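Visitor: here's my sequence, what's the structure:
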Amino acid sequence: MDDERIWAFEQSLWTGDAEDYRSKVSPDCVMALPAPPYIFSGEEAIAAVIDTPRWSSAQFSDGRISRPKHGLIVIGYSVEATREGIEPYAAHCSSTYLLDEEADRWHVVQHAQVLKPSPD
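Guide: Prediction:
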């Protein structure tokens, strides 16, 4: 997967619909999110995100991509996400993608978010 496709894939996880999200996140995924119970896995991880309203925009910065071996991609970035009715959300994130070679599809197997400190 080239760099442009990686960032489009990640963007869709923030702003895409629930079905798009479900198709891209592995049922074996482990997530660390800044809301109780903080550590999520499997279907619980998918449900934790699907059950929240989607972001209307997500702007990435300081993106890093690593390809430690064939079929494995690790990314890190900062995000500022917005949706109507709430304060903007800012975090530092990482995601790990694994290639399902039989299906020729990439899936998220790990995602973590650390809230950015407020500038106060």
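
Visitor: and residue 62, that one's in a strand?
Guide: Yes. According to DSSP: H, G, I helix; E, B strand; the rest coil, residue 62 belongs to a strand.

Visitor: now for the lowest-mean-pLDDT helix or strand in the chain, which elements pack on it?
Guide: Least confident helix or strand, the chain: helix 42-50 with a mean of 83, by mean pLDDT, DSSP states H and E. When contacts are defined as 3 or more Cβ pairs under 8 Å, 6 or more residues apart in numbering; DSSP states H and E, helix 42-50 sits against helix 18-24, strand 25-32. C-beta here means a position set from N, CA and C on the backbone, and glycine is covered the same way.

Visitor: in that helix, what counts as buried?
Guide: By 16 or more other Cβ atoms under 10 Å, the buried positions in helix 42-50 come out as 45-46, 49.

Visitor: start to end distance for stretch 42-61?
Guide: Taking Cα to Cα, to the nearest Å, stretch 42-61 runs 28 Å from one end to the other.

Visitor: which residues touch that stretch?
Guide: With contacts defined as Cβ atoms under 8 Å, 6 or more residues apart in numbering, stretch 42-61 is touched by 7, 10-11, 13-18, 21-22, 25, 27-31, 33, 35, 40, 77-84, 89, 111.

Visitor: so the residue lying closest to residue 66 once chain neighbours are set aside versus residue 108, what's the distance?
Guide: The shortest distance from residue 66 to any non-neighbouring residue, by Cβ to Cβ, 6 or more residues apart in numbering, is to residue 74 (4.5 Å). According to Cβ to Cβ, to the nearest Å, residue 74 stands 11 Å off from residue 108.
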